[in-house]
Structures are given as structure tokens and as C-alpha cells.
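Chemist: Build the 3D model from these lines:
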Amino acid sequence: MQAFKKILLLLTEDYYQKEIKVIQQFLTHIKPEKLFIAVLTENHDYFDLDNFNIKKEIKDYLQKNLTISYEFLDKHSEDEIIKFILTENIDLSIMYNYRENNALDEYIIKFILKLNSNILLIPGECEEFTIKKIMVATDFSDYSREALEYGKYIQSIFKESQLKLIHIAAVPVGYHYTGLFLEEFSNKLKENAVLKMKEFLKESIPYEIHSVYKHKNVVPEILNIAAAEKTDLVIFGSQGASSKLDFLYVGSSTMQMVNIHSLPLLIVKIKEKQKSLLEKILLNS
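Modeler: Numbering: from 1, shown residues only. The predicted structure is shown next:
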């Protein structure tokens, strides 16, 4: 796990004041050594860093509201930003998710798929980002372990926050072929998950284990529980235990989570595992 020493904040041209207001408490607590800022234009074709008026407005606003040194990026395209993140070894990229007609913004999808940094994704409707309750979704994979480390890291910074793990056991469609009733099979899954959780955890951290039918998706169940418990931040690995393709940056469950989230999400990636062809192409271009 790498501390959030280098952070890239991706602002949007029309909403930057609101976005800074929402994220400023997080940045003030985290205290990155380097904060880089890029501004996405309205048409999303490139990053507008030469617009003097926007730059001056953001600079003035930041000086009044954020006591952290920062640097504007002189980059103009998505590929340049992605290449910068790779070469500068950025620890965390922060961006906002504004849906139109319930559809995920195309540039968000590109960044989540391509970035090898951790990603903090904040829903556009979020008016305040205070961290009092942290939930880590786990399937006991390496990525889940990394997600847990980040959960502990953030809890150590936000001293009053609570940390909890959640595991959802999916009951397969053909469970009845085992001769067990649904409740019996579900209980078996939970008992097995408890044993795995005890192996997974080296310290005492509260956790919950739930079970759902296979045809009922695990992802909305996690988000429903998080929302019901008024969770402020959901943390999960970019890939799950079922994925064997470490060169992929995200798995299908991650994209489902991103598509339907209404809470801030921290998507955790393991950089050393994710040396993809994309990186080689970008770094050699």
C-alpha cells in the first residue's frame, strides 16, 4: 500500500467551485506532498489549461479555501494525462461522476479502465464529503487485502471514523442439486465465509457477512447496505478473486459498482500487478 503522497485532482469547467468545496476536507486531512490539478472542458475532448480566466478563478478560489500547495498540469489530452499518471507514479486520482440520462460519462469509463492509480470517484450530486463511516467490500482476494489496508490508512487519518468489512456470498443457481434447502446452503456459505474472514483478518475489525441469490447481483446489495448504514466511503479492489487477468485494470463488478454508485467510491489498484500493453504503448509513444 502506498500513502496518498501524489494526488491528481480532475476538475470540471462548470462545477470546479462545488467540487473543491466537497473535496477540501479530504485533501486537508490527507495532506498530499504534491497536488496536481487538471480541468476538463465542457465538451470533454481535452483538458483546458491555457484558459487564463478559468486558471485564475480556480487559483483565487483555492487560495481562499485550500491551504495546500498545488500545480496546474500543462496537458491537453486524455492520453497525456494518463501518461503523466504513469510516469509520475500518482497515488490517487480524484474525479467526479456526472450522469446524464442515467448513463455513465464516457470519459469516466476511459479513465477507470486505463489509469493505474487508485481512483476516488465522487457522485456529482454529492454536496458534502465527510468520512465517519468506511466500508470495505471484500472477497478475500489480494485486491481486497489492499483495499483493507487503504481502509485502515484512511481511518488512521480520520480519527473519529469507523471501519467495517462486508462480504456478500452469492448462492449459485444450482444449489438445490446439493440436496440442501436454500436456507441450509446459505448458512453453509456464511459459515465458510466466517472461516475465510478469520484467516483474512489479522486484527479485530467489525465485519458483516450476507448471502444473496446468484441472480441477485452482489454489487447493488453492497451499495444498498452501505446506503442504509449511511456509509461515507466504500472501498473495494479493482478486481475480484475470480479474475486471473492481472493485466486488466478493472473487473466487471468494478464497472457495475461505478455505474450505479450514489456514494463516494475508492477503487484500489495494485500497480505492480498491472503492467499492461497500454502502459508500454503510452510510455514509448
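Chemist: Without its sequence neighbours, what residue ends up closest to Val268?
Modeler: In space, and not counting its chain neighbours, Val268 is closest to Ala147: 4.4 Å by Cβ to Cβ, 6 or more residues apart in numbering. To be clear about C-beta, it is placed using only N, CA and C from the backbone, and glycine gets the same treatment.
Chemist: Surely the one you found forms part of a strand?
Modeler: No: the assignment for Ala147 by DSSP: H, G, I helix; E, B strand; the rest coil gives helix, which leaves it out of any strand.
Chemist: who touches it in this structure?
Modeler: Val136, Ala137, Thr138, Ile235, Phe236, Gly237, Leu266, Val268 (Cβ atoms under 8 Å, 6 or more residues apart in numbering).
Chemist: Next one, pLDDT for it please.
Modeler: Ala147 carries a pLDDT value of 94.
Chemist: ranges for the helices of the stretch 101-250 of the chain?
Modeler: 106-114, 142-157, 182-200, 218-228 (DSSP state H, counting those that start in this stretch).
Chemist: Tell me the residue in this protein that is farthest from the middle.
Modeler: Gly179 (39.9 Å; Cα atoms, centre = their mean).
Chemist: need the contact list for it.
Modeler: Gly179 sits in contact with no residue, where contact means Cβ under 8 Å, 6+ apart.
Chemist: Also Lys6?
Modeler: Pro32, Glu33, Lys34, Phe36, Glu88, Asn89, Ile90, Asp91, Leu92.
Chemist: From these, which land in helices?
Modeler: Among those, DSSP state H puts Glu88 in helices.
Chemist: Let's have the contacts of Lys6 in JSON lines, adding distance to Lys159.
Modeler: Shown next, in JSON lines, are these (distance: Cβ to Cβ, whole Å):
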{"residue": "Pro32", "distance to Lys159": "18"}
{"residue": "Glu33", "distance to Lys159": "21"}
{"residue": "Lys34", "distance to Lys159": "24"}
{"residue": "Phe36", "distance to Lys159": "27"}
{"residue": "Glu88", "distance to Lys159": "30"}
{"residue": "Asn89", "distance to Lys159": "28"}
{"residue": "Ile90", "distance to Lys159": "26"}
{"residue": "Asp91", "distance to Lys159": "21"}
{"residue": "Leu92", "distance to Lys159": "20"}
